[in-house]
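S.K.: Fold the following for me, if possible:
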Amino acid sequence: MFFIKGVSSAFPKYFYKQDDIIEFSKRIFSKNTDFSKMLKVYKNSGVKSRFLVNDLEWYLKKNDWKERSIRFKKSAIDILRKSITLTLKKTNYKAKDIGAIIVINTTGIVTPSLDAEIINLLDFNNNIKRLPIFGYGCAGGVLGLNRAIEIKKNIKKPVLVCNIELCSLTFRPQIVTKENIISTALFGDGASSYIVDNEGKCGVVKSIDYSWKNSLNLMGWSVENDGLGVIFDKEIPRFIKKELPSVINKFFSIKKKGFILHSGGMKIINSYKKIFNDHPTIKYSQDILSSYGNVSSVSVILVLKEILENNAKGEFIMSAMGPGFSAGLSELVIK
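M.R.: This next block holds a predicted model:
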């Protein structure tokens, strides 16, 4: 068995309450539509605050691909560096102790990849194994862990896993669609990191990847001239409620287990509550949603961090779902 340790997070400097976002959104969308009809989207989102990588005025501009990419690279490297430094400090590792680094992201494109940027900033070995992963979406919080377990089986040194998502950089103020409005009500920015190694208090018992065929249209990006356009189908909560239980029951026993679940939104969390009989551990996912919004692949790691910091113990099912449509699932035991 391998173990998760040193779970850390870092966020951009701009912090906003949901009321700030509502006033901002009113300025944007009232020009083209009746904003009062949209207000319930913000009020019912479950989000009370979040961090964003820019001040709100930046989002009023029609930023092109170049501007978004410049912002993404600079901010992602800075926030990742902060999180990784915390992880190394918590675990008493030095950068040279790490055998592999994985960086998971879905909200920006950088070449050389972010892992290459990071090993040039911190004192990692030249022969460190690197794995940049793009496109897992929200599922990347668990699927990234699954990849780390596979790598750790083949190397002796620890594996560093990083998630970085700057969801707000995809917002385009000139696009008045339901998806774009929901994204302004829901998404935040941030990073997480942790190490997978041979010892610790949070063990990974089993890891599963699962993809549903003929479900590609449920979630993803549309590539537009000025950025990425969000795609998520209104059927996602119903899909999760219908499909997830049978998959979990196929691979895991859920008796006497808690749940570490991606905080995708209140509709998603309400689906979890129905699936798992309103289990008390779902509260952690709801709390993370409230404090940070949906931070894509980072969110489920924030839930794990919250559970560890509250000294919860026992067996847990960790789950996050994303484009494909796919799920990452892991069974954890926390001592």
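S.K.: which stretches of this protein form helices?
M.R.: With DSSP state H, the ranges of helices along the chain come out as 18-29, 39-43, 65-91, 114-121, 140-152, 178-186, 236-251, 266-275, 282-292, 299-309.
S.K.: how about those helices in JSON lines, adding distance to Ile98?
M.R.: For every residue, glycine as well, the C-beta is placed using N, CA and C. Output for the helices of the chain, formatted as JSON lines (distance: least, C-beta to C-beta, whole Å):
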{"stretch": "helix 18-29", "distance to Ile98": "37"}
{"stretch": "helix 39-43", "distance to Ile98": "41"}
{"stretch": "helix 65-91", "distance to Ile98": "8"}
{"stretch": "helix 114-121", "distance to Ile98": "9"}
{"stretch": "helix 140-152", "distance to Ile98": "11"}
{"stretch": "helix 178-186", "distance to Ile98": "34"}
{"stretch": "helix 236-251", "distance to Ile98": "30"}
{"stretch": "helix 266-275", "distance to Ile98": "33"}
{"stretch": "helix 282-292", "distance to Ile98": "26"}
{"stretch": "helix 299-309", "distance to Ile98": "18"}
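S.K.: right, and those helices - which one's nearest Ser215?
M.R.: Ser215 sits nearest to helix 236-251 of all the helices of the chain, at 7.2 Å, using C-beta to C-beta.
S.K.: Give the buried residues for that closest one.
M.R.: Neighbour-count burial for helix 236-251, counted by 16 or more other C-beta atoms under 10 Å, picks out Ile236, Pro237, Phe239, Ile240, Lys241, Glu243, Leu244, Val247, Ile248.
S.K.: Tell me which other helices or strands it touches.
M.R.: For helix 236-251, the elements it packs on are strand 202-211, helix 266-275, strand 314-322, strand 326-334, judged by 3 or more C-beta pairs under 8 Å, 6 or more residues apart in numbering; DSSP states H and E.
S.K.: How about Asn310: what's its closest non-neighbour residue?
M.R.: The shortest distance from Asn310 to any non-neighbouring residue, by C-beta to C-beta, 6 or more residues apart in numbering, is to Tyr284 (7.6 Å).
S.K.: Neighbours of the residue nearest to Leu114 when sequence neighbours are not counted, how many?
M.R.: Closest residue to Leu114 apart from its sequence neighbours, by C-beta to C-beta, 6+ apart: Val103 at 4.7 Å. Val103: 27 surrounding residues under other C-beta atoms under 10 Å.
S.K.: so how far is Pro280 from Val103?
M.R.: Distance from Val103 to Pro280, counting by C-beta to C-beta, to the nearest Å: 33 Å.
S.K.: ok, Pro12 - contacts?
M.R.: With contact taken as C-beta atoms under 8 Å, 6 or more residues apart in numbering, Pro12 is in contact with Phe51, Leu52, Val53, Asn54, Ser75, Ile79, Leu166, Asp189, Gly190.
S.K.: got TSV for these, with neighbour count too?
M.R.: Shown next, in TSV, are the contacts of Pro12 (neighbours: other C-beta atoms under 10 Å):
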residue	neighbour count
Phe51	21
Leu52	26
Val53	24
Asn54	19
Ser75	20
Ile79	25
Leu166	30
Asp189	27
Gly190	27
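S.K.: Name the nearest of those relative to Ala320.
M.R.: Checking the contacts of Pro12 against Ala320 with C-beta to C-beta, the nearest one is Gly190 at 14.9 Å.
S.K.: My guess is the closest one contacts Phe11. True?
M.R.: Yes: using C-beta atoms under 8 Å, Gly190 is in contact with Phe11, at 4.5 Å.
S.K.: Overlap of the contact sets of these two?
M.R.: Counting by C-beta under 8 Å, 6+ apart, the shared contacts of Gly190 and Phe11 are Phe51, Ile79, Tyr292.
S.K.: mind listing what the second one touches?
M.R.: Contacts were defined as C-beta under 8 Å, 6+ apart; by that measure Ile79 touches Ala10, Phe11, Pro12, Val53, Ile164, Asp189, Gly190, Ala191.
S.K.: Throw the buried residues of helix 236-251 into TSV and include distance to Leu114 and pLDDT, thanks.
M.R.: Converted to TSV, the buried residues of helix 236-251 look like this (distance: C-beta to C-beta, whole Å; pLDDT from 0 to 100):
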residue	distance to Leu114	pLDDT
Ile236	28	81
Pro237	31	77
Phe239	31	85
Ile240	29	85
Lys241	35	84
Glu243	32	85
Leu244	30	86
Val247	31	89
Ile248	32	88
